[in-house]
Each structure stands twice: as C-alpha cells, then as structure tokens.
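K.L.:
Turn this into a model:
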Amino acid sequence: MVKNGGKNLIITHRSRKTAFKLLNHFEMTSLFSGIITKESGFKRKPDPDAFIYAIRNYRLNPKSTLSIGDRDLDVIAARDAGTKTCFFSQDGTRPSIDVDFIIDDLPQLEEIVLKDSHFK
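P.N.:
Residues are numbered from 1 along each chain as shown. Model (predicted):
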C-alpha cells in the first residue's frame, strides 16, 4: 500500500492516453508510481517482460510483490516474472491456472495486503 511505502504500478495493453483518461476520471492517478502502456514497446501479456522491467526499474522484490489481474494472461505474466499472483474476479469467473489469491472485491485485496507477511 502506498501509505505504507509501497508502490502501485499498472501494466496494460491500453494506450497511455486511454489509461490516463480512466485514471483521471476515477481520480486515481496519484495512486500509481508508474504506468507501462502499449507505447512502452513490450510484447503483449502473457509475455512477462513488462513485469520483469517493472521489477528491475522500480527495485521491487518479486517475492514481496503482488500482481493483480482479471484475466489468465495477466497472472501468467506475473507468475512467470516471479511475483505473487492475485486473480480479480468481478463476475464469478475463476482462473484456469493456480494463483496465490483470488478476490471478488477490493476490500479483500486490502485484507490480503495487510495480513500477509510477504507484503509488510
């Protein structure tokens, strides 16, 4: 969590313009330390290169980094980069691969981050 010195990053296939339009609309821009978009030039997920870049560039420890995605390809890329994985299911779908956590709403995410010793 940012308030505890953590970093939030976005890795998206969307354009930078679209990503910032959404973040600005929901007044969330200030919550993120960095955004990797399609203009960054990485292969599309499930290729883990964007995640590996983020880990190195932002000096993250993969073992204490939680990557959250709402599609299999998101958590596959995160897993292959060595991070903990969380599948965010808003409609009851479940991932087809093993993940570390599954959540259905954002309060569950906060509970994981606050209670799991990996993220402190």
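K.L.:
Just checking, which helix or strand of this protein averages the lowest pLDDT?
P.N.:
helix 106-115 (a mean of 88; mean pLDDT, DSSP states H and E).
K.L.:
Contacts only, for the spatially closest residue to Thr37 that is not a sequence neighbour.
P.N.:
Using Cβ to Cβ, 6 or more residues apart in numbering and skipping residues adjacent in sequence, the residue nearest Thr37 is Arg16, 4.3 Å away. Just so you know, the C-beta spots here come from the backbone N, C-alpha and C atoms, and that holds for glycine as well. Residues in contact with Arg16 (Cβ atoms under 8 Å, 6 or more residues apart in numbering) are 35, 37-39.
K.L.:
Using CSV, please lay out those residues together with secondary structure, neighbour count and pLDDT.
P.N.:
Formatted as CSV, these follow (DSSP: H, G, I helix; E, B strand; the rest coil; neighbours: other Cβ atoms under 10 Å; pLDDT from 0 to 100):
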residue, secondary structure, neighbour count, pLDDT
Ile35, strand, 19, 96
Thr37, coil, 19, 97
Lys38, helix, 15, 96
Glu39, helix, 12, 97
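K.L.:
Could you dump the residues you listed into JSON lines with distance to Phe87 added?
P.N.:
Formatted as JSON lines, these follow (distance: Cβ to Cβ, whole Å):
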{"residue": "Ile35", "distance to Phe87": "21"}
{"residue": "Thr37", "distance to Phe87": "22"}
{"residue": "Lys38", "distance to Phe87": "23"}
{"residue": "Glu39", "distance to Phe87": "27"}
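K.L.:
what's the most distant pair in those?
P.N.:
Using Cβ to Cβ, the two most remote members of the contacts of Arg16 are Ile35 and Lys38, lying 10.9 Å apart.
K.L.:
Residues that sit against both of these two, list them.
P.N.:
Common neighbours of Ile35 and Lys38 (Cβ under 8 Å, 6+ apart) are 12, 16.
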